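Enquirer: Sequence and predicted model, in that order:
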Amino acid sequence: MRHFRVLVVLVTLAALLAGAPAAALAQTATPDESTPVFTLYTSYPSQTIGLDETVTLPLKLHSTYPAQIVRLETRQIPEGWDVSFRGSGRIVHSVFANPGTDASIDLRLEPPKGVQAGTYRFLVAALGAEATAELPIELTVREKVPAKLSMETSDLRTIKGTPT
């Protein structure tokens with residue numbers, strides 16, 4: 001019985017030692033096909049705007065692996081629209097993607113003069129060395145846009161004095 005317990009302990013110890021290198025390799029391995037390397041997103045990818053209204057959408061690029069420079073491009077632009085990526089107040093063409101963090105980019109969409117009411121679709125892409133992420137954007141142009149929500153404050157009269 002005592003030899004059996006020693007044998008169980010030795011087998012368990014051997015199994016733990018054999019499994020340790022595999023766990024370390026799993027942490028440094030490249031992502032598999034089901035793990036996205038990039039995620040390109042915005043909070044509101046479908047919006048309604050007014051005629052001749054320029055829109056700036058804040059985009060986020062989340063990277064999981066590896067650190068690299070990612071090229072930005074638009075793959076679908078309606079005729080006449082002016083599209084640009086902006087970072088730190090300048091037009092940019094790429095962004096540095098650091099693993100585990102979000103890179104911020106602004107997408108500026110400017111309609112042509114005399115744009116007609118309708119729905120316009122854009123396709124934005126982030127191209128890295130090992131992967132590509134795409135983000136569809138949809139803008140609905142209307143002649144009259146619903147009013148934006150706003151809040152007004154009023155000055156309330158204040159009475160100062162003692163409780164009596």
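Expert: Noted; the coordinates are in hand.
Enquirer: Strands along the protein, start to end?
Expert: Here the chain has its strands, by DSSP state E, at 38-41, 46-50, 55-63, 68-76, 82-87, 90-92, 94-97, 102-110, 118-127, 132-142.
Enquirer: out of the ones you listed, which comes closest to residue 152?
Expert: The closest of these to residue 152 is strand 46-50. By C-beta to C-beta, the value is 22.0 Å. (Each C-beta comes from the backbone N, C-alpha and C, glycine too.)
Enquirer: Listing partners with orientation, what would you give for the closest one?
Expert: Within its sheet, and counting by DSSP bridges, strand 46-50 is paired with strand 132-142 (parallel).
Enquirer: what angle separates the strand it pairs with from strand 68-76?
Expert: The directions of strand 132-142 and strand 68-76 differ by 40 degrees, with axes from the mean of the first three to the mean of the last three C-alpha atoms, to 10 degrees as the criterion.
Enquirer: quick check: mean pLDDT across strand 132-142?
Expert: When pLDDT is averaged over strand 132-142, the result is 95.
Enquirer: ok, now which ones touch residue 137?
Expert: Under the criterion of C-beta atoms under 8 Å, 6 or more residues apart in numbering, the contact list for residue 137 reads 42, 45-46, 57, 107, 109, 121-124.
Enquirer: Derive a PyMOL selection command for the buried subset of the residues you listed.
Expert: Only the buried entries of those go into this PyMOL selection, using 16 or more other C-beta atoms under 10 Å:
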select buried, resi 42+57+107+109+122+124
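Enquirer: how about the contacts of residue 137 in JSON lines, adding pLDDT?
Expert: What follows is the contacts of residue 137, written out as JSON lines (pLDDT from 0 to 100):
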{"residue": "42", "pLDDT": "96"}
{"residue": "45", "pLDDT": "96"}
{"residue": "46", "pLDDT": "96"}
{"residue": "57", "pLDDT": "96"}
{"residue": "107", "pLDDT": "97"}
{"residue": "109", "pLDDT": "97"}
{"residue": "121", "pLDDT": "97"}
{"residue": "122", "pLDDT": "97"}
{"residue": "123", "pLDDT": "97"}
{"residue": "124", "pLDDT": "97"}
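Enquirer: out of the contacts of residue 137, which one sits closest to residue 81?
Expert: Using C-beta to C-beta, residue 109 comes nearest to residue 81 of the contacts of residue 137, at 6.3 Å.
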